[in-house]
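Q: The amino acid sequence is not available; the structure is as follows:
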Ligand code: NCD
């Protein structure tokens, strides 16, 4: 296996990682799933994942906890800031410093862009960005491209549609940055008001083919190997009336599948609201729960290589 370049590193932006890093991480993720639970349970023995979530979470927090426990470590943290000293007026900096005193790696979700980068200056332990505002969610992108790789056996050469809230969806940015390391066609589908923030992707637009669309047209559906669907980020909308106008605009259902390539894969970082009809959940195309399951394995691999130079 290649040299571990993840050891002791912060995972703040997916832009800090390249194609070689991803293939190493994929190899470790494959390897960790072959270990016997006793061997796997030795990797992080005595080590602690500390976390704080200033925003709601289901999968990110639980998959990290489950991942840490599967490699023998423990997790402690704050998932409800109302129950912490933040309510007494404690600063973000002091909170992060405190968590880093009690743990070996620190996972943070916060509504502000830049919150994780700032935390790196304070934390004495490696920081993992579990979602920073509408900026990035790097570990989600790692598991998204791992899912694509596992299912399609390749990433190069694929046509990937990214649909929904491209303006506020942080998973979208991390995913596009990750995909810019590969030779793919990206089709961005959103209403005009939710178009990608062009200043955020300015520097990668020369690296990857990207086209913008207002509609998920029949022609486009015929091209796509992957449809990555996102939730409209209601909580980041300045005006709820605007949200209501676009709610339910691109629902993926049987009708869409009929018009798509037979082997199209539907991905979603979840949670979904009404963007994917539950009636397609049992089709071979629906990969979103498998994707969530890969999240645990990939995060177990990631924690292992952040915490140990030679985890195996
Ligand atoms: C996403 C997030 O928090 O950015 N959820 C996740 O971590 N899987 C997506 C979302 O909230 O829409």
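A: In hand now; what should we look at? These numbers come from a predicted model, not from an experiment.

Q: check contacts around the residue in the stretch 101-250 of the chain that the ligand sits nearest to.
A: Closest approach between the stretch 101-250 of the chain and the ligand, counting by Cβ to the nearest ligand atom: residue 231, at 3.9 Å. The way it works is simple: take the backbone N, C-alpha and C, and place the C-beta from them, glycine included. Going by Cβ atoms under 8 Å, 6 or more residues apart in numbering, residue 231 touches 164-165, 169, 268-269, 271-273, 275.

Q: Mind listing what's buried along the helix or strand of the chain with the lowest mean pLDDT?
A: Using mean pLDDT, DSSP states H and E, the weakest-scoring helix or strand in the chain turns out to be helix 240-246, at a mean of 85. Neighbour-count burial for helix 240-246 flags 243, 246 (criterion: 16 or more other Cβ atoms under 10 Å).

Q: Mind checking what helix or strand follows it in sequence?
A: Counting by DSSP states H and E, the next helix or strand C-terminal to helix 240-246 is helix 254-259.

Q: Show me what that following helix is packed up against.
A: Contacts defined by 3 or more Cβ pairs under 8 Å, 6 or more residues apart in numbering; DSSP states H and E place helix 254-259 against helix 218-221.

Q: hmm, who's touching the next helix or strand after the helix it packs on?
A: Later in the chain than helix 218-221, the nearest helix or strand by DSSP H and E is strand 226-229. For strand 226-229, contacts defined as Cβ under 8 Å, 6+ apart pick out 144, 148, 152, 158-164, 172, 175, 216, 250, 252, 256, 260, 264-268, 272, 275-276.

Q: Is residue 103 within a helix or a strand, and which one?
A: For residue 103, there is no host helix or strand (DSSP H and E).

Q: so who does it touch?
A: Neighbouring residues of residue 103 by Cβ under 8 Å, 6+ apart: 48-50, 76, 125.

Q: In a markdown table: the contacts of residue 231, plus distance to residue 7, pLDDT and neighbour count.
A: Shown next, in a markdown table, are the contacts of residue 231 (distance: Cβ to Cβ, whole Å; pLDDT from 0 to 100; neighbours: other Cβ atoms under 10 Å):
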| residue | distance to residue 7 | pLDDT | neighbour count |
| --- | --- | --- | --- |
| 164 | 36 | 96 | 26 |
| 165 | 35 | 95 | 25 |
| 169 | 31 | 97 | 24 |
| 268 | 32 | 98 | 24 |
| 269 | 27 | 98 | 27 |
| 271 | 33 | 97 | 11 |
| 272 | 36 | 96 | 17 |
| 273 | 39 | 93 | 10 |
| 275 | 38 | 95 | 22 |
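
Q: that older thread, from the contacts of residue 103, pick the one nearest the ligand.
A: Distance to the ligand, by Cβ to the nearest ligand atom, is smallest for residue 49 among these, at 16.2 Å.

Q: Following the chain past the helix or strand where residue 141 lies, name the next helix or strand.
A: Following DSSP H and E, one finds residue 141 within helix 138-152. Next in sequence after helix 138-152, counting helices and strands by DSSP H and E, comes strand 159-163.

Q: Spit out the contact partners of the residue nearest to residue 237 when sequence neighbours are not counted.
A: Nearest non-adjacent residue to residue 237, counting by Cβ to Cβ, 6 or more residues apart in numbering: residue 243, 4.5 Å away. Applying Cβ under 8 Å, 6+ apart, one finds that residue 243 lies in contact with 232, 234, 237.

Q: again with residue 165
A: 172, 190, 194, 230-233.

Q: Residue 125 and residue 307, how far apart?
A: 10 Å (Cβ to Cβ, to the nearest Å).

Q: Identify the contacts common to the two.
A: Common neighbours of residue 125 and residue 307 (criterion: Cβ under 8 Å, 6+ apart): 104-105.

Q: near the ligand, which residues of the protein show up?
A: Contacts of the chain with the ligand, taken as Cβ under 6 Å from any ligand atom, map to 59-60, 131, 137, 140, 170-171, 231, 269-270.

Q: now the helices for the protein?
A: 19-32, 37-40, 59-70, 92-101, 115-122, 138-152, 170-179, 198-201, 218-221, 240-246, 254-259, 288-307 (DSSP state H).

Q: Show me which positions of the third one end up buried.
A: Spelled out, it's helix 59-70. Across helix 59-70, burial judged by 16+ other Cβ under 10 Å covers 59-61, 63-70.

Q: List the residues that contact the closest residue in space to residue 112 that isn't next to it in sequence.
A: Leaving out its chain neighbours, the residue that sits closest to residue 112 by Cβ to Cβ, 6+ apart is residue 133, at 5.0 Å. By Cβ under 8 Å, 6+ apart, residue 133 lies in contact with 110-115, 170.
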